[in-house]
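Student: sharing a sequence plus its predicted fold:
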Amino acid sequence: MGSNRRHGEHGRPRGVVLAAMEELSALGTVDARSPVIASAPIGAARRIFANAVAQLETDLAPPALLRELKRFERDFGRRPGKTWGDRVLDLDIVLWSGGRWHSRSLHIPHRGLAARSFVLGPATAIAPGWRDPDSGLTLRQLQARLTRPQALPRDRTRSDP
């Protein structure tokens, strides 16, 4: 979940994310909540985001859960706009205990999972051993791959002594 716009009742983005975490309990049992982190905007967004993840136990199937999450976004004041733009609230299903779910409107695991530190960092904080069904890697392993320093390619045009 993420926010980078102020809300009239919940205040700054961090408050929006914390309020959204509380609202999730209407859909089932929130088993774990990550810390809220700040992350740089991507795409058309211009403001810093507050991001977090929650582990939710629910009887809803993924499409029904997604419909409820989109309703929450609207209730929090999200309006259609630019893709990747600033938003009051963004809620996604990233992983699911059933493994994979693929339909026209929903892909689990989320397509951007392995490339998003703003998801992997908080997710690793609450479920480091959870496995991505596509790669077989744990969240901790995905996070390590994303954050480890990359060696620079060696300059092969000069000779080393």
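Tutor: The structure has been received and is ready for your questions. This structure is a prediction, so every number in the text was calculated from the model and none was measured.
Student: only C-alpha atoms for contact and neighbour calcs from this point on.
Tutor: OK.
Student: pLDDT weak spots in this structure?
Tutor: Scanning the chain with the threshold set as pLDDT under 70 gives 81-83, 150-161.
Student: is residue 30 in a helix, a strand, or coil?
Tutor: Using DSSP: H, G, I helix; E, B strand; the rest coil, the structure places residue 30 in strand.
Student: tell me the contacts of it?
Tutor: Contact analysis of residue 30 by Cα atoms under 8 Å, 6 or more residues apart in numbering lists 24, 54, 55, 56, 57.
Student: cool, residue 129 as well?
Tutor: Shown in contact with residue 129 (Cα under 8 Å, 6+ apart): 138, 139, 140.
Student: residues making contact with stretch 89-100?
Tutor: With contact meaning Cα under 8 Å, 6+ apart, stretch 89-100 is reached by 1-5, 16-17, 62, 66, 69-70, 73, 76-78, 107-110, 113, 132-134.
Student: ok, now with 7 Å
Tutor: For stretch 89-100, contacts defined as Cα atoms under 7 Å, 6 or more residues apart in numbering pick out 1, 2, 3, 69, 73, 76, 78, 108, 109, 110, 113, 133.
Student: what about residue 55, is that helix, strand or coil?
Tutor: Look at residue 55: counting by three-state DSSP, its state is strand.
Student: tally of neighbours for it?
Tutor: By the criterion of other Cα atoms under 10 Å, residue 55 has 19 neighbours.
Student: next one: residue 112
Tutor: Neighbours of residue 112 using other Cα under 10 Å come to 11.
Student: how close does it sit to residue 95?
Tutor: Here the criterion is Cα to Cα, to the nearest Å. By it, residue 112 lies 11 Å from residue 95.
Student: would you map the strands across this structure?
Tutor: 2-3, 29-33, 37-39, 49-51, 54-57, 101-102, 107-108 (DSSP state E).
Student: now for the contacts of stretch 89-100, which pair is the farthest apart?
Tutor: 76 and 133 (31.5 Å; Cα to Cα).
Student: what about the two, which has more around it?
Tutor: Neighbours were tallied for residue 76 and for residue 133 using other Cα under 10 Å; the higher tally belongs to residue 76 (20 against 16).
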